[in-house]
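Colleague: Model the structure of this input:
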Amino acid sequence: MILNLSETLSKINFTKLENISILLRHAERTDIKDGDTGLLVDITEQGIVKSIELGNEISKYFEINKIYSSPLLRCINTAININKGNSKEQKEIIKTTILGEPGLYVNDRYIAGLEFKKRGTYNLVRDYINGAVILGMNNLNDANKSFYNKIFQLSQNNKYNLFVSHDAIIIPLIKYLLNYDFNEYWLNYLSGIVICGYRNETINYFFNWGKDVYSRIFK
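Modeller: Prediction:
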């Protein structure tokens with residue numbers, strides 16, 4: 001599942017836009033070895049290039065005001081390189097645990113970590129968004145509401161926002177907002193969701209694969 005950002009941004013009405021938030025999975029990372037926590041895993045050279053290219057693509061529409069990132073290295077360096085492509089200004093990367101390490105879906109890092117190792121990220125997240133109770137994880141509906149509210153709050157004071165996180169955190173939110181089930185595709189690197197808030201208090205969510213854009217409007 002790849003975010004075709006040009007296709008998405010071209011469909012947005014910027015005239016009455018109050019704020020926009022792009023929530024992305026980090027860029028391509030190096031492999032996580034068996035038994036490794038992955039805490040120090042970084043992005044690849046290809047990940048650096050693609051992050052800069054994505055930042056440049058965003059710059060055709062706007063310059064990002066605020067950048068938030070999971071505290072993990074692969075997200076921080078994704079954010080740094082997106083900013084390089086987007087702006088000449090070296091902006092602060094604001095690290096927040098709502099985006100990872102552990103994020104709002106986890107209530108017991110140790111127990112949840114064991115579950116991730118046992119099941120694997122793909123299987124655990126698929127089970128979780130389909131209603132399974134996972135040890136060490138919060139109630140899905142409650143966690144989704146908390147996460148969305150945090151993103152919403154952080155977006156209010158700045159018009160153009162970027163959030164860099166992980167597939168295990170972004171996928172449940174996309175499922176919650178757009179009811180996309182991820183049965184056919186997974187969330188690729190540098191893919192995610194675009195959330196637009198308008199002056200008439202309308203909120204529009206965009207999520208797409210290739211040229212197929214999934215959109216939902218709330219008032």
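
Colleague: what's near enough to touch the nearest residue to Thr97 once chain neighbours are set aside?
Modeller: Beyond its immediate neighbours in the sequence, the residue positioned closest to Thr97 (CB to CB, 6 or more residues apart in numbering) is Pro71, lying 6.4 Å away. Where you see a C-beta, it was placed from the backbone N, CA and C, and this is true even at glycine. Contacts for Pro71 were tallied using CB atoms under 8 Å, 6 or more residues apart in numbering; they are Lys95, Thr96, Thr97, Leu99, Gly100, Glu101.

Colleague: Narrow those residues to just the buried residues.
Modeller: The neighbour-count test (16 or more other CB atoms under 10 Å) applied to those identifies Lys95, Thr96, Leu99, Gly100, Glu101 as buried.

Colleague: and which of those is nearest Glu28?
Modeller: Within the buried ones among the contacts of Pro71, distances to Glu28 taken as CB to CB reach their minimum at Gly100, with 16.7 Å.

Colleague: got the contact list for the closest one?
Modeller: For Gly100, the residues meeting the contact criterion (CB under 8 Å, 6+ apart) are Ser70, Pro71, Leu72, Cys75, Ser165, His166, Ile169.

Colleague: Just to be sure, the fourth one is in a strand?
Modeller: No - remark: Cys75 does not belong to a strand; assigned using DSSP: H, G, I helix; E, B strand; the rest coil, it is helix.

Colleague: quick one: contacts for it?
Modeller: Contacts for Cys75 were tallied using CB under 8 Å, 6+ apart; they are His26, Ser69, Leu99, Gly100, Val164, Ser165, His166.

Colleague: Test my guess that Thr97 contacts Tyr105.
Modeller: No - the pair Thr97 / Tyr105 is not scored as a contact, 11.5 Å apart, by CB atoms under 8 Å.

Colleague: so which helix or strand takes in the spatially closest residue to Asn86 that is not a sequence neighbour?
Modeller: Nearest residue to Asn86 in three dimensions, chain neighbours excluded: Gly55, at 3.6 Å (CB to CB, 6+ apart). Taking DSSP states H and E as the definition, one finds Gly55 inside helix 45-59.
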